[in-house]
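Asker: what follows is a predicted structure for the sequence shown.
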Amino acid sequence: MIQCDVCNVWQHGKCMGICRRRVPEVYKCEECSPRVLKLSKTQARQIQLKVLAEQRREKEKEIRQKTKRSYTRKMFTSMTGINEYETSDYKLVHIQGDFATLEALRSGAGVSVMYVTTVSMGLVSTRSYVNGEAVIYVCGRVSLPSECVGRKNPGTIIPFVTLYSDLVPEGANESIPICIDARNFGTNARFARMSCRPNISLRHFFLNGRLHIIGIAAEDIERGEEITVPFDADYFMSKEKLNCACAGEDEDGEIRDEAENVVSSDFMVFW
(Lines give C-alpha, C1' and ligand atoms only; values in the text may rest on other atoms or scores of the structure.)
Protein backbone atom coordinates (compact mmCIF):
# COMPACT_ATOMS: atom_id res chain seq x y z
CA MET A 1 0.00 0.00 0.00
CA ILE A 2 1.09 3.57 -0.66
CA GLN A 3 -0.27 6.86 0.73
CA CYS A 4 -0.84 10.06 -1.18
CA ASP A 5 1.26 12.87 0.34
CA VAL A 6 -1.47 15.41 -0.51
CA CYS A 7 -4.85 13.91 0.43
CA ASN A 8 -3.50 10.98 2.53
CA VAL A 9 -5.56 8.39 0.66
CA TRP A 10 -4.19 4.84 0.68
CA GLN A 11 -3.92 2.92 -2.59
CA HIS A 12 -2.56 -0.39 -3.82
CA GLY A 13 0.91 0.35 -5.13
CA LYS A 14 0.70 -2.44 -7.69
CA CYS A 15 -2.58 -1.10 -9.08
CA MET A 16 -1.07 2.38 -9.38
CA GLY A 17 2.01 1.10 -11.22
CA ILE A 18 4.39 1.58 -8.27
CA CYS A 19 7.24 -0.92 -7.97
CA ARG A 20 8.31 -1.89 -4.45
CA ARG A 21 11.94 -1.40 -5.39
CA ARG A 22 11.35 2.10 -6.78
CA VAL A 23 9.00 3.85 -4.37
CA PRO A 24 9.00 7.63 -5.01
CA GLU A 25 9.91 9.96 -2.16
CA VAL A 26 6.78 12.01 -2.88
CA TYR A 27 3.67 10.28 -4.15
CA LYS A 28 0.47 11.89 -5.41
CA CYS A 29 -2.67 9.97 -6.36
CA GLU A 30 -4.34 10.35 -9.76
CA GLU A 31 -6.81 12.84 -8.27
CA CYS A 32 -4.14 15.15 -6.87
CA SER A 33 -1.88 14.68 -9.88
CA PRO A 34 -4.02 13.77 -12.92
CA ARG A 35 -2.24 11.38 -15.28
CA VAL A 36 -2.83 8.33 -17.46
CA LEU A 37 -2.43 5.17 -15.37
CA LYS A 38 -0.85 1.97 -16.64
CA LEU A 39 -3.87 -0.05 -15.55
CA SER A 40 -7.56 0.51 -16.12
CA LYS A 41 -10.03 0.17 -13.23
CA THR A 42 -11.03 -3.27 -14.53
CA GLN A 43 -7.44 -4.46 -14.66
CA ALA A 44 -6.74 -3.05 -11.20
CA ARG A 45 -9.80 -4.83 -9.82
CA GLN A 46 -8.67 -8.13 -11.34
CA ILE A 47 -5.29 -7.75 -9.66
CA GLN A 48 -6.96 -6.99 -6.32
CA LEU A 49 -9.20 -10.05 -6.61
CA LYS A 50 -6.19 -12.21 -7.44
CA VAL A 51 -4.28 -10.92 -4.41
CA LEU A 52 -7.28 -11.44 -2.12
CA ALA A 53 -7.76 -14.99 -3.42
CA GLU A 54 -4.09 -15.76 -2.74
CA GLN A 55 -4.37 -14.35 0.78
CA ARG A 56 -7.49 -16.46 1.38
CA ARG A 57 -5.69 -19.62 0.24
CA GLU A 58 -2.76 -18.87 2.54
CA LYS A 59 -5.12 -18.32 5.46
CA GLU A 60 -6.96 -21.59 4.79
CA LYS A 61 -3.64 -23.42 4.57
CA GLU A 62 -2.56 -21.96 7.90
CA ILE A 63 -5.85 -23.02 9.52
CA ARG A 64 -5.42 -26.57 8.20
CA GLN A 65 -1.89 -26.74 9.58
CA LYS A 66 -3.00 -25.45 12.98
CA THR A 67 -5.86 -27.95 13.07
CA LYS A 68 -3.54 -30.82 12.20
CA ARG A 69 -1.05 -29.78 14.89
CA SER A 70 -3.82 -29.58 17.46
CA TYR A 71 -4.66 -33.26 16.84
CA THR A 72 -1.15 -34.23 17.88
CA ARG A 73 -1.40 -32.26 21.11
CA LYS A 74 -4.71 -33.33 22.56
CA MET A 75 -6.36 -36.53 23.61
CA PHE A 76 -9.86 -36.84 22.22
CA THR A 77 -12.25 -36.27 25.07
CA SER A 78 -15.29 -38.43 24.37
CA MET A 79 -14.06 -40.62 27.20
CA THR A 80 -11.67 -38.39 29.08
CA GLY A 81 -11.45 -38.63 32.82
CA ILE A 82 -11.72 -42.40 32.70
CA ASN A 83 -9.57 -43.46 29.79
CA GLU A 84 -6.12 -42.23 30.80
CA TYR A 85 -2.85 -42.89 29.04
CA GLU A 86 0.66 -43.06 30.44
CA THR A 87 3.71 -41.23 29.14
CA SER A 88 4.65 -44.30 27.11
CA ASP A 89 1.51 -43.74 25.04
CA TYR A 90 2.78 -40.50 23.50
CA LYS A 91 3.10 -42.22 20.14
CA LEU A 92 -0.59 -43.11 20.27
CA VAL A 93 -1.45 -39.43 20.75
CA HIS A 94 0.70 -38.58 17.74
CA ILE A 95 -1.02 -41.21 15.58
CA GLN A 96 -4.41 -39.60 16.28
CA GLY A 97 -3.46 -36.59 14.21
CA ASP A 98 -1.23 -38.34 11.70
CA PHE A 99 -3.62 -39.19 8.89
CA ALA A 100 -0.81 -40.62 6.76
CA THR A 101 0.02 -43.14 9.49
CA LEU A 102 -3.63 -44.11 9.87
CA GLU A 103 -3.96 -44.69 6.14
CA ALA A 104 -0.79 -46.78 6.13
CA LEU A 105 -2.18 -48.90 8.97
CA ARG A 106 -5.49 -49.37 7.14
CA SER A 107 -3.69 -50.47 4.00
CA GLY A 108 -1.71 -53.09 5.92
CA ALA A 109 1.70 -51.56 5.25
CA GLY A 110 4.45 -53.30 7.17
CA VAL A 111 2.65 -56.63 7.63
CA SER A 112 1.67 -59.48 5.32
CA VAL A 113 -0.68 -62.47 5.47
CA MET A 114 1.12 -65.77 4.91
CA TYR A 115 1.32 -69.35 6.13
CA VAL A 116 2.87 -69.53 9.60
CA THR A 117 2.32 -73.30 9.89
CA THR A 118 1.58 -75.93 7.28
CA VAL A 119 -2.15 -75.43 7.82
CA SER A 120 -2.55 -71.98 9.39
CA MET A 121 -2.48 -68.48 7.96
CA GLY A 122 -1.13 -65.70 10.12
CA LEU A 123 0.15 -62.15 10.05
CA VAL A 124 3.89 -61.57 9.68
CA SER A 125 5.85 -58.32 9.93
CA THR A 126 7.67 -57.22 6.80
CA ARG A 127 9.77 -54.68 8.70
CA SER A 128 11.00 -54.06 12.23
CA TYR A 129 8.90 -52.29 14.88
CA VAL A 130 9.97 -50.74 18.16
CA ASN A 131 8.06 -51.07 21.41
CA GLY A 132 5.06 -48.71 21.37
CA GLU A 133 4.90 -48.30 17.59
CA ALA A 134 1.58 -48.74 15.77
CA VAL A 135 1.49 -51.96 13.77
CA ILE A 136 -2.07 -52.88 12.77
CA TYR A 137 -5.50 -51.28 12.36
CA VAL A 138 -8.49 -53.29 13.58
CA CYS A 139 -11.89 -52.70 11.99
CA GLY A 140 -15.12 -54.50 11.22
CA ARG A 141 -18.74 -54.51 12.29
CA VAL A 142 -18.93 -53.25 15.88
CA SER A 143 -21.58 -54.60 18.24
CA LEU A 144 -22.16 -55.82 21.76
CA PRO A 145 -21.06 -59.43 22.35
CA SER A 146 -24.70 -60.49 22.72
CA GLU A 147 -25.45 -59.02 19.28
CA CYS A 148 -22.53 -60.70 17.54
CA VAL A 149 -23.66 -63.74 15.54
CA GLY A 150 -22.24 -66.90 17.07
CA ARG A 151 -21.01 -65.26 20.26
CA LYS A 152 -23.96 -65.32 22.60
CA ASN A 153 -22.07 -67.57 25.02
CA PRO A 154 -19.16 -65.87 26.85
CA GLY A 155 -15.76 -67.24 25.98
CA THR A 156 -16.67 -68.24 22.45
CA ILE A 157 -13.66 -67.77 20.19
CA ILE A 158 -14.64 -66.99 16.59
CA PRO A 159 -12.14 -66.51 13.76
CA PHE A 160 -11.96 -62.88 12.60
CA VAL A 161 -13.93 -61.67 15.65
CA THR A 162 -12.15 -59.65 18.35
CA LEU A 163 -13.50 -58.86 21.80
CA TYR A 164 -12.26 -55.45 22.93
CA SER A 165 -12.78 -54.86 26.65
CA ASP A 166 -11.08 -51.53 27.40
CA LEU A 167 -13.82 -49.16 26.24
CA VAL A 168 -15.20 -47.07 29.12
CA PRO A 169 -18.12 -44.75 28.24
CA GLU A 170 -18.08 -41.26 29.67
CA GLY A 171 -19.60 -41.20 33.14
CA ALA A 172 -19.34 -44.98 33.59
CA ASN A 173 -17.20 -46.77 36.16
CA GLU A 174 -16.78 -50.01 34.24
CA SER A 175 -15.75 -50.91 30.74
CA ILE A 176 -18.23 -52.19 28.18
CA PRO A 177 -16.88 -54.99 25.97
CA ILE A 178 -17.54 -54.72 22.25
CA CYS A 179 -17.04 -57.15 19.38
CA ILE A 180 -15.26 -56.18 16.18
CA ASP A 181 -16.57 -58.63 13.60
CA ALA A 182 -14.25 -58.73 10.58
CA ARG A 183 -15.74 -61.83 8.97
CA ASN A 184 -17.31 -59.84 6.15
CA PHE A 185 -14.91 -56.91 5.93
CA GLY A 186 -11.81 -55.66 7.66
CA THR A 187 -8.06 -55.16 7.32
CA ASN A 188 -5.40 -57.84 7.23
CA ALA A 189 -5.19 -57.45 11.03
CA ARG A 190 -7.98 -60.02 11.26
CA PHE A 191 -5.46 -62.73 10.30
CA ALA A 192 -3.38 -62.11 13.43
CA ARG A 193 -3.50 -65.21 15.62
CA MET A 194 -4.16 -65.13 19.37
CA SER A 195 -1.38 -65.91 21.80
CA CYS A 196 -0.80 -66.20 25.53
CA ARG A 197 2.37 -64.15 24.94
CA PRO A 198 1.21 -61.59 22.35
CA ASN A 199 3.56 -58.99 20.91
CA ILE A 200 0.64 -56.65 20.21
CA SER A 201 -1.62 -54.78 22.63
CA LEU A 202 -4.88 -53.26 21.41
CA ARG A 203 -5.63 -49.60 22.12
CA HIS A 204 -8.36 -47.19 21.10
CA PHE A 205 -8.87 -43.48 20.52
CA PHE A 206 -11.50 -41.19 19.04
CA LEU A 207 -10.96 -39.05 15.96
CA ASN A 208 -13.72 -36.71 14.81
CA GLY A 209 -16.18 -38.66 16.96
CA ARG A 210 -15.28 -42.03 15.44
CA LEU A 211 -13.79 -44.96 17.32
CA HIS A 212 -10.47 -46.31 16.08
CA ILE A 213 -8.75 -49.43 17.41
CA ILE A 214 -5.13 -50.11 16.59
CA GLY A 215 -2.51 -52.64 17.61
CA ILE A 216 0.59 -51.30 19.34
CA ALA A 217 3.85 -53.24 19.55
CA ALA A 218 4.14 -54.55 23.13
CA GLU A 219 7.83 -55.21 22.52
CA ASP A 220 10.39 -54.80 19.77
CA ILE A 221 9.28 -56.84 16.75
CA GLU A 222 11.80 -58.05 14.21
CA ARG A 223 11.20 -58.35 10.48
CA GLY A 224 9.69 -61.76 9.67
CA GLU A 225 8.25 -62.24 13.17
CA GLU A 226 4.62 -63.32 13.51
CA ILE A 227 2.20 -60.67 14.76
CA THR A 228 0.06 -62.02 17.62
CA VAL A 229 -2.77 -60.48 19.63
CA PRO A 230 -4.10 -61.25 23.13
CA PHE A 231 -6.86 -63.76 23.76
CA ASP A 232 -10.31 -62.31 24.39
CA ALA A 233 -10.73 -61.21 28.01
CA ASP A 234 -13.30 -63.95 28.66
CA TYR A 235 -11.17 -66.73 27.14
CA PHE A 236 -11.24 -68.66 30.43
CA MET A 237 -14.96 -69.29 29.92
CA SER A 238 -14.41 -71.08 26.63
CA LYS A 239 -15.85 -74.59 26.42
CA GLU A 240 -13.61 -75.50 23.50
CA LYS A 241 -9.89 -76.09 23.12
CA LEU A 242 -7.95 -72.87 22.64
CA ASN A 243 -5.36 -72.67 19.88
CA CYS A 244 -2.37 -70.56 20.85
CA ALA A 245 0.09 -69.15 18.33
CA CYS A 246 2.99 -69.58 20.77
CA ALA A 247 3.39 -73.34 20.39
CA GLY A 248 1.80 -76.59 19.28
CA GLU A 249 -0.67 -78.95 20.83
CA ASP A 250 1.16 -79.27 24.16
CA GLU A 251 0.73 -75.60 24.99
CA ASP A 252 -2.82 -75.63 23.64
CA GLY A 253 -3.58 -78.27 26.24
CA GLU A 254 -1.92 -76.24 28.98
CA ILE A 255 -4.01 -73.19 28.12
CA ARG A 256 -7.15 -75.28 28.10
CA ASP A 257 -6.28 -76.79 31.50
CA GLU A 258 -5.56 -73.32 32.87
CA ALA A 259 -8.92 -72.06 31.61
CA GLU A 260 -10.71 -74.94 33.30
CA ASN A 261 -8.86 -74.27 36.55
CA VAL A 262 -9.78 -70.60 36.40
CA VAL A 263 -13.46 -71.40 35.93
CA SER A 264 -13.48 -74.00 38.69
CA SER A 265 -11.79 -71.63 41.14
CA ASP A 266 -14.06 -68.76 40.07
CA PHE A 267 -11.01 -66.55 39.65
CA MET A 268 -11.10 -64.04 36.81
CA VAL A 269 -8.03 -63.25 34.76
CA PHE A 270 -7.89 -60.33 32.33
CA TRP A 271 -5.26 -59.57 29.77
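Answerer: Cool, got the structure.
Asker: quick one: the closest residue to residue 227 other than its chain neighbours and residue 157, what's the gap?
Answerer: Excluding the flanking residues, the one nearest residue 227 by C-beta to C-beta, 6 or more residues apart in numbering is residue 123, at 4.2 Å. In short, each C-beta sits where N, CA and C put it, glycine included. Using C-beta to C-beta, to the nearest Å, residue 123 is found at 17 Å from residue 157.
Asker: looks like the residue nearest to residue 227 contacts residue 194 (just checking).
Answerer: No. Using C-beta atoms under 8 Å, residue 123 makes no contact with residue 194, being 11.4 Å away.
Asker: between the two, tell me which one has more neighbours.
Answerer: Legend: neighbour count by other C-beta atoms under 10 Å for residue 123 and residue 194, higher for residue 123 (26 against 21).
Asker: so which helix or strand takes in that one?
Answerer: strand 121-125 (DSSP states H and E).
Asker: which residues touch the nearest residue to residue 217 once chain neighbours are set aside?
Answerer: In space, residue 217 comes closest to residue 129 once its chain neighbours are excluded; the distance is 4.4 Å by C-beta to C-beta, 6+ apart. Shown in contact with residue 129 (C-beta atoms under 8 Å, 6 or more residues apart in numbering): 110, 135, 217, 220, 221.
Asker: bridging residues for the last one?
Answerer: Partner residues in beta bridges with residue 221: residue 129, with DSSP bridges as the criterion.
Asker: go on, the third one?
Answerer: Listed beta-bridge partners, residue 217: residue 200 (assigned using DSSP bridges).
Asker: contact partners for it?
Answerer: Taking C-beta under 8 Å, 6+ apart as the test, what residue 217 contacts is 129, 130, 131, 132, 133, 134, 135, 199, 200.
Asker: show me what the residue nearest to residue 227 is bridged to.
Answerer: residue 113, residue 227.
Asker: model confidence score at it, please.
Answerer: On pLDDT, residue 123 comes in at 94.
Asker: can you check residue 265 too?
Answerer: For residue 265, pLDDT reads 37.
Asker: where does residue 180 land in three-state SS?
Answerer: strand (DSSP: H, G, I helix; E, B strand; the rest coil).
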